[in-house]
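Asks: Got a predicted structure plus its sequence, pasted below:
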Amino acid sequence: MWLLWVIFCVGVGAFASKKGRSGLGWFLLSLLISPLISAIILACLKDLNVESDVKQLKMEQQQVKDRIASDERFYEYRFSRVENDLNRLQQGNNVHQPTGLHNSDKRYLPDEDTKHCPYCGNIIKREAIKCRFCGEMLEPVKTKECPFCKETIMQDAIICKYCKSNLAPVNETNIQSIKRNE
């Protein structure tokens, strides 16, 4: 009889552990009062594991909402800056308006060393081949095919950026430098 009582108490302790409660505490409580009464009380209590999972999900959702709100504010700010820049450029390039530009507006007008990117409109260096703002290539770049991996690489590349193969012409100094590196 006592053995059956202890087995039921162990079962109540295991049930309590699954609900996120102290298994040892509920085992001792069921030994004192009754395994049946303590199991009924335990069944009526909230599952702490589920409650902590719900709290964790709510925290993660709030973090995502905060990140989205922060990104929205950032992009709204960037968009308003671009609109302001475009307005200043249009006012500066308008023939019908007086040319009395402020000193701060002169940075929006290209000089002899700069030009406007045809894709994003930002001012870049005249000799640039790739826009530093939008990343667009401004002039066609001469390319070739890597003989080892068959990827397209720049014409003057010495090492393939994909397979890291040496593309320099083979001569005596290259062979010696390769042997030293090994």
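Replies: That came through, no problem. Numbering: from 1, shown residues only.

Asks: residue ranges with poor pLDDT in this protein?
Replies: Low-confidence segments of the chain, defined by pLDDT under 70: 92-112, 140-141, 169-182.

Asks: Wait, a strand at residue 120?
Replies: No - secondary structure of residue 120 (DSSP: H, G, I helix; E, B strand; the rest coil): coil, not part of a strand.

Asks: ok, the closest residue to residue 165 other than its chain neighbours - contacts?
Replies: The shortest distance from residue 165 to any non-neighbouring residue, by C-beta to C-beta, 6 or more residues apart in numbering, is to residue 148 (4.3 Å). For every residue, glycine as well, the C-beta is placed using N, CA and C. By C-beta atoms under 8 Å, 6 or more residues apart in numbering, the residues touching residue 148 are 160, 163, 165.

Asks: ok, of the residues you listed, which come out buried?
Replies: By neighbour count, with 16 or more other C-beta atoms under 10 Å, those hold residue 160 as buried.

Asks: and the residue nearest to residue 165, which of the three is it?
Replies: Reduced to three states by three-state DSSP, residue 148 is coil.

Asks: The residue nearest in space to the middle of the chain in helix, strand or coil?
Replies: The centroid of the chain falls nearest to residue 67 when counting by C-alpha atoms, centre = their mean (11.2 Å). Secondary structure, three-state DSSP: residue 67 is helix.

Asks: I'd like to know how many residues surround the residue nearest to residue 157 when sequence neighbours are not counted.
Replies: In space, and not counting its chain neighbours, residue 157 is closest to residue 167: 5.9 Å by C-beta to C-beta, 6+ apart. Residue 167 has 15 neighbours, counted by other C-beta atoms under 10 Å.

Asks: Sweet, I'm off.
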